[in-house]
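[1] give me a model of this one.
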Amino acid sequence: MRPGPRNLITDVAGLRVGNADDLALKSGTTVVVAEAPFVASVAVMGGAPGTRETDLLAPDKTAPGVDALVLSGGSAFGLAAAQGVMDALHEQGRGFAVLSARVPIVPAAILFDLLNGGHKDWGVNPYPALGRQALANAGESFALGSAGAGAGAQTAQHKGGLGSASVVLPGGVTVGALVAVNPMGSVTTPSGRHFWAAPFEMGEEFGGLGPDPARGFQPLPDSRKLAAMAGMGNTTIAVVATDAELDKAQAHRLAVAAHDGIGRAIHPAHSPMDGDLVFAAATGHRRLTSPQQLAEIGHAASLCLARAIARAVWEARPAPGDTLPTLRQDLGL
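    Residues are numbered from 1 along each chain as shown. A predicted model of the protein is given here:
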């Protein structure tokens, strides 16, 4: 098991990712799109999700595939980013065919970043334009950290961000993860100097800080985020993807398995104040040859997601008006 050539979700054949963000707003949008519609499903384990078109992703629903997936800041306002993506895809002739009509299918999920120090006094909702811009920016390479849907993200102790990671399994199947990290919980151990995800790091992709040497139970410190934001403003939203051929039911199992990555990398996770959600996508470039492969892909997705969460925080950058420091600032780096 090794990272793909970019160590990004775009190592999954056919996928592209685009970011758009506004530094003054301290928010943004990230879009996952492919060359053709792709199979997708979703699993929600947080108590406060914000979503659009996710009902269509259930295995018993009619839509065979989606045209794009959207992760966005902006709380419920950010769901409008999907409208910008949908409109742009319609202009390109993309969408689910209904006789002579075409309707792009663009499920979306949002995180709450309205109290992070950015300017939120807009007159016109900025998220449709951010969604359209993110789609236009889609490519195989994209920025991590304070970018896209992670531009204004925060964790309990540090700035959050956008993260990604990938892995190639021994049989050649590729699995990747993309995540906007904005949880109630902490991505670092109680010392604040090590990642919960450290045991899963490949190389020094999030600093090579290693596991926390402290033994036994260590109580978490008081949350800086809760103190600054009166307990509001959470959620980790992610996409895991594979180039394997999966149906919607299998994609749903993939999304469920990937949630283990959130639990490994964030403490606590899946709280009543988080909207933790994972989309799963499959581009169908490789056929499965045994039932065991789906379990292997799900395990790989959970590891990729844990790594991507740590990368998001490691790559976060300071900016004027921040209400929390970056981890690197705390470490003096």
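
[2] report the helix or strand with the lowest average pLDDT across the protein.
    When the helices and strands of the chain are scored by mean pLDDT, DSSP states H and E, helix 224-229 comes last with a mean of 70.

[3] strands paired with the lengthiest strand in the chain, and their directions?
    If you go by DSSP state E, the chain has its longest strand at strand 27-44. With DSSP bridges as the test, strand 27-44 is paired with strand 15-22 (antiparallel), strand 66-72 (antiparallel), strand 277-286 (antiparallel).

[4] would you map the strands across this protein?
    15-22, 27-44, 51-52, 66-72, 96-98, 101-103, 108-110, 161-168, 174-181, 236-244, 277-286.

[5] any idea what the residue positioned nearest the centre of the chain is bridged to?
    Against the mean C-alpha coordinate of the chain, by CA atoms, centre = their mean, the closest residue is residue 179 at 1.9 Å. Residue 179 has the following beta-bridge partners by DSSP bridges: residue 163, residue 238.

[6] isn't it up against residue 162?
    Yes. With contacts counted by CB atoms under 8 Å, residue 179 reaches residue 162, the gap being 7.2 Å. C-beta coordinates here come from the backbone N, C-alpha and C atoms, glycine included.

[7] intersection of neighbour lists for these two?
    Jointly contacting residue 179 and residue 162 under the rule CB atoms under 8 Å, 6 or more residues apart in numbering are residue 312.

[8] dump the residue contacts of the residue nearest to residue 272 when sequence neighbours are not counted.
    Nearest residue to residue 272, sequence neighbours excluded (CB to CB, 6 or more residues apart in numbering): residue 47, at 3.6 Å. By CB under 8 Å, 6+ apart, the contact set of residue 47 is 270-275.

[9] try residue 49
    109, 235, 275-277.

[10] kindly report the same for residue 308.
    Contact analysis of residue 308 by CB under 8 Å, 6+ apart lists 163-165, 177-179, 238, 261.

[11] for residue 117, see how far away it is.
    For residue 308, the distance to residue 117 equals 25 Å [CB to CB, to the nearest Å].

[12] residue 41 too?
    Taking CB to CB, one finds residue 41 at 35 Å from residue 117.

[13] higher neighbour count, the two?
    residue 41 (28 against 17; other CB atoms under 10 Å).

[14] that one is in contact with residue 60, isn't it?
    No. Using CB under 8 Å, residue 41 is not in contact with residue 60, being 11.0 Å away.

[15] give me the common contacts of those two.
    With CB under 8 Å, 6+ apart, residue 41 and residue 60 have no common neighbours.

[16] how about the helices in the stretch 101-250 of the chain?
    Here the stretch 101-250 of the chain has its helices, by DSSP state H, counting those that start in this stretch, at 127-136, 224-229, 248-265.

[17] export the ones you listed as a markdown table, with columns for distance to residue 192 and mean neighbour count.
    Output for the helices of the stretch 101-250 of the chain, formatted as a markdown table (distance: least, CB to CB, whole Å; neighbours: other CB atoms under 10 Å):
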| stretch | distance to residue 192 | mean neighbour count |
| --- | --- | --- |
| helix 127-136 | 32 | 25 |
| helix 224-229 | 10 | 18 |
| helix 248-265 | 15 | 23 |
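
[18] would you mind listing the residues in contact with residue 254?
    Per CB under 8 Å, 6+ apart, neighbours of residue 254: 41, 240, 242, 246, 280, 282, 294, 297-298, 301.

[19] tell me how far it lies from residue 133.
    Taken as CB to CB, the span from residue 254 to residue 133 is 29 Å.
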